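Visitor: Based on what follows, work out the 3D shape:
(2 chains)
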Amino acid sequence: MNTDLILDIVTAICLIVGSLMSLAAAVGLVRFPDLLTRLHAGTKPQIFGLMLLLLAVGLHMRSWEDVPVLILIMVLQMITIPISGHMMARSGYRNKHFRKTDLRHDDLRRLVDEVEGK
Amino acid sequence: MSLSTIAWIAGVILTISTWGTVYRIWKGPSLLDRVLASDVLLSIITSALCIIMIVTDTEFSLILLVAIALIGFVGSVTVARFADNSKADEATPITTVEQHRRRKNRGNRSTGHDHRDHHAEDTDKVHHSESHPSRASMDQGE
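Guide: Numbers count the residues shown, from 1 in each chain, chains lettered A, B, ... in the order given. Just a heads-up that it's a prediction; the model follows:
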């Protein structure tokens, strides 16, 4: 086995697993009951799936000129995706788009009630 | 198995997940579900761009990926911010909450000691926690 074959196999595995992350997110979006659980499923391909696919691109191109751009894409994604996830979870919590009976411990409720003056 | 076969398999997987995402956009009970599903759709498009780059052996789409990673979150943040109907402020500092709680719990006690540091506040809270039943019940949760 030479090195090219091993790199091709790793590229193929990264492609398939990265696509399966999107499939897992879609199944979670269809099956899960409320917004917070869907948010948990939906942010999987945005970080981990993209990481695997960018790794596949880098392993396929095999040129050092692409590596800084790939790292830049990954860092930007890791900065911006938690912002949108946090804002959606915050808005979903305050608009009560979740099942209250599913929560075993709710630390935020007390704080939100006090600030809102209830 | 050649690389094109792998790309076909990944493409079929991405197609199935696109249908699931579009179903959630179409069906979603709240606005935030639709926004989340459109975010996932954007990441599926990103994955498809990566696969196209590998199959066609071009690096043309890398700058497109940079642009998506830069501005892809703006729409969802905007919608999540303005779909919010709560009265709470955006960045309520924890000291405001503490002052509110102290005012509510101590009634008309003197509030001239607001400038103390957090360590003093913590010891004060521990010292008075058993003398206020409302705070003790709040500490136990609902």
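
Visitor: Counting neighbours, what do you get for the residue of chain B found nearest chain A?
Guide: Closest approach of chain B to chain A (C-beta to the nearest C-beta) occurs at B:Gly20, with a separation of 3.0 Å. Quick note: C-beta positions are derived from backbone N, CA and C, even for glycine. By the criterion of other C-beta atoms under 10 Å in any protein chain shown, B:Gly20 has 22 neighbours.

Visitor: Equivalent analysis for B:Trp19, please.
Guide: 10.

Visitor: I figured it hits A:Leu23, correct?
Guide: No - distance between B:Trp19 and A:Leu23: 10.4 Å, which falls outside the contact criterion (C-beta atoms under 8 Å).

Visitor: Please, which helix or strand holds residue 75?
Guide: Went with chain A since none was named. Using DSSP states H and E, A:Val75 falls within helix A:67-94.

Visitor: meant chain B actually
Guide: B:Gly75 is located in helix B:74-82, with elements delineated by DSSP H and E.

Visitor: That helix to helix A:67-94, inter-axis angle?
Guide: Using axes from the mean of the first three to the mean of the last three C-alpha atoms, to 10 degrees, the interaxial angle of helix B:74-82 with respect to helix A:67-94 works out to 20 degrees.

Visitor: which outside residues touch stretch A:25-45?
Guide: Counting by C-beta atoms under 8 Å, 6 or more residues apart in numbering or on different chains, stretch A:25-45 makes contact with A:18, A:21-22, A:24, A:49, A:81, A:85, A:88-89, A:92-93, A:97-99, A:102, B:16-21, B:23-24, B:30, B:32-33, B:36-37, B:39-40, B:43-44, B:47, all of which sit outside it.

Visitor: again, but for stretch B:8-17
Guide: Residues lying outside stretch B:8-17 but in contact with it, judged by C-beta under 8 Å, 6+ apart, are A:15-16, A:18-20, A:22-23, A:25-27, B:40, B:44, B:47-48, B:51.

Visitor: Name the helix or strand for the residue of chain A found nearest chain B, please.
Guide: In chain A, no residue comes nearer to chain B than A:Ala26, which is 3.0 Å away by C-beta to the nearest C-beta. Secondary structure from DSSP H and E places A:Ala26 in helix A:3-31.

Visitor: How about A:Leu36?
Guide: In this structure, A:Leu36 is located in helix A:35-42 according to DSSP H and E.

Visitor: and the helix or strand just after that helix, how far out from the chain's middle?
Guide: Tracing the chain past helix A:35-42, the next element assigned as helix or strand by DSSP H and E is helix A:44. The chain centre lies 3 Å from the centre of helix A:44; the measure is C-alpha atoms, centre = their mean, to the nearest Å.

Visitor: that older thread, find residues that contact each of B:Trp19 and A:Leu23.
Guide: Residues touching both B:Trp19 and A:Leu23 (C-beta under 8 Å, 6+ apart): there are none.

Visitor: Tell me which two in the contacts of stretch B:8-17 are the farthest apart.
Guide: A:Val27 and B:Ile51 (19.8 Å; C-beta to C-beta).

Visitor: As a check, name the ranges of all helices in chain B.
Guide: According to DSSP state H, chain B carries its helices in the segments B:3-27, B:31-56, B:62-71, B:74-82, B:94-106, B:118-128, B:133-139.

Visitor: now residue 52, nearest residue through space, not along the chain?
Guide: Let's take chain A. Taking C-beta to C-beta, 6 or more residues apart in numbering or on different chains, and ignoring the residues beside it in sequence, A:Leu52 has A:Gly18 as its nearest neighbour in space, at 3.5 Å.

Visitor: Sorry, I should have been clearer: chain B.
Guide: Using C-beta to C-beta, 6+ apart and skipping residues adjacent in sequence, the residue nearest B:Ile52 is B:Ser61, 6.6 Å away.
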